[in-house]
Structure formats: C-alpha cells, structure tokens
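[1] sequence and computational prediction follow.
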Amino acid sequence: MTDVLAAEWLKLRSVRSTWYVLGLVALAVPVAAFLALQGVNGWDGLPPERRTRFQAPPVEQVLLPLVQLCMGVLAVLSITSEYATGTIRASLAAVPRRRRVLAGKAVVVAGISLLGGLLFLAGAFAAGRAVVGDRPLSPGYVTPPEAEIPMLLASGLSVAVVALVGLGLGAVLRSAAGAIVTVSALLFVLPVVAALLPAPWGGRAGSVLLPDLAGQLVDHPSAVGDLPPLGALAVLAAYVVAALGAGAAVLTRRDA
C-alpha cells in the first residue's frame, strides 16, 4: 500500500492543475483581509446607534464553500485526468486490485485537502482578526480567537469530506465537467432549494447538506440545522461512504 500512496502522491503533485487549484485556494487569505477591511470601513463610518445592527460574519466561514469547491475540483481532477489521458490503464495494470488504487487516491486527496483546508482557513481567520482588531463586529468577531478553534477544525474536516465526495463522483462519472457540476450543485444549488421548502422541511433538508454540517459538528452558535454533533459526524461519514462506495463499485465493474 505504501507504494500505491507514493505513486498517487507523485501523480498528483506532478500535474499542473494541482498547483493551480492550490494557488487559487491560497487567495483565500488576501481575499479574507480585503473582505474584513470592507466590513471595518463600513462599521467605522456608522454612528454608534447603527453599529449594533451591523452584521459581520467571519470571513473564513464566508469563504469556506469556495475552499470546499476548489478542493473538490482537485479531487475530481485527480482521477478524471487519468481517464482523459488514458493513463488509468497503466495505473490499473500496475495495481490490479482496483479498489486499492481508489483507496490510495482517497488517502492522498484527504491528506492534502485536510491540510490545505486547515492552513488556508486558519490564514483567512488570522487575516480577518488582524484587520478587525478589537472592534466588536457582530456576530463573527465578538468571541475570543481560541473559542473558534473547534469551528476551524470542523471546517477543515468538511473540506476533506467534500474532496472525497468529489473523488467518488469522478470515479463514477469519469467526466471532470460532470463531477465538478455535481459538486457545485451539492454546495450551492441544493442549499438554495432547501431554503425554498416550507417549514419544517427546509430546515430538516438543510441540516444534512454539506455546507451546514461543520457548524453542527461542534455545535457552533452560528450553526444552521438541528443535528447534534454525533448526527452531523454520521452524515459526513455517510457522504464519504456513499461517494467512495459508488466509485469503487464502478471502478471494479467497468472497463478502463
């Protein structure tokens, strides 16, 4: 298995699209600083009686869906690029146990997305806090920084989950465009559809969607949904199992 992991890591880091995507995710830090600066400028220009109504969500949570999408795209490309170039045949010839190939990709993708997600979200968090300073901007900047560590860790985990879902979808669809559109729908379209549903179905549907699970995982005050932390963890695991399980089934039954 070590050789499989080494091979998958070599393949992933040798593809230019990997570095393009990571470079795009790195922009979360300066974008976070810019958004925080815009909020600060707006808050500073308000009279005291209007500042109490000013809403400033934490910039790292505003950018979280974009970081999730980028890592999901990275995961999709990690397998669909092999189908596009035909190199998947060489990979399966070198490792006849096809599920082991997918497992190796999953470990590498999960590691990179988790580490990358944590680093860039932490950078965005630090940039936002540095710009805001001691201004009591509600609701994102009224808690001490250390109180937000669990939410940052949960957000990083959600990035890795989205990446693994993207990998599974890439294995099923074998099309970068189709898998990326599906990941985008999970992150951006389904939450809008859920919000349009009548109560209580809208809230129930939104509780199990990927963008809202990180907050529920640590019972964060800004969490949207009614799931307990263990319930949110179970839903995250179900996404991974369903996506990778479907990917493994297709990979083992279809010709390369």
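    That came in fine, so what should we check first? Source: prediction; values computed, not measured.
[2] can we go C-alpha only for contacts and neighbour counts from here?
    Noted.
[3] pLDDT at residue 192, what is it?
    With respect to pLDDT, residue 192 scores 89.
[4] where does it fall, secondary structure wise?
    Take DSSP states H and E as the rule and residue 192 turns out to sit in helix 190-196.
[5] chain center to the strand or helix carrying residue 100: distance?
    Mapping residue 100 onto the secondary structure by DSSP H and E places it in helix 98-132. Distance of helix 98-132 from its chain centroid, counting by C-alpha atoms, centre = their mean, to the nearest Å, is 8 Å.
[6] same deal with stretch 84-93?
    Stretch 84-93 sits 27 Å away from the centroid of its parent chain (C-alpha atoms, centre = their mean).
[7] identify each buried residue in it, please.
    Along stretch 84-93, these residues count as buried under the neighbour rule (16 or more other C-alpha atoms under 10 Å): 88, 91, 92.
[8] got TSV for the residues you listed, with secondary structure too?
    TSV is the format used below for the buried residues of stretch 84-93 (DSSP: H, G, I helix; E, B strand; the rest coil):
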residue	secondary structure
88	helix
91	helix
92	helix
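[9] how about the helix or strand just after the helix holding residue 192 as PDB, C-alpha atoms only?
    The first helix or strand that comes after helix 190-196 along the chain, using DSSP H and E, is helix 201-207. As requested, C-alpha coordinates have been extracted for helix 201-207 and formatted as PDB (Å, rounded to 0.1, in the frame of the first residue of the first chain):
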ATOM      1  CA  TRP A 201     -38.900  20.600   5.700                       C
ATOM      2  CA  GLY A 202     -36.500  23.300   4.700                       C
ATOM      3  CA  GLY A 203     -34.600  23.300   7.900                       C
ATOM      4  CA  ARG A 204     -34.500  19.500   8.000                       C
ATOM      5  CA  ALA A 205     -33.200  19.200   4.500                       C
ATOM      6  CA  GLY A 206     -30.600  22.000   5.100                       C
ATOM      7  CA  SER A 207     -29.400  20.200   8.200                       C
END
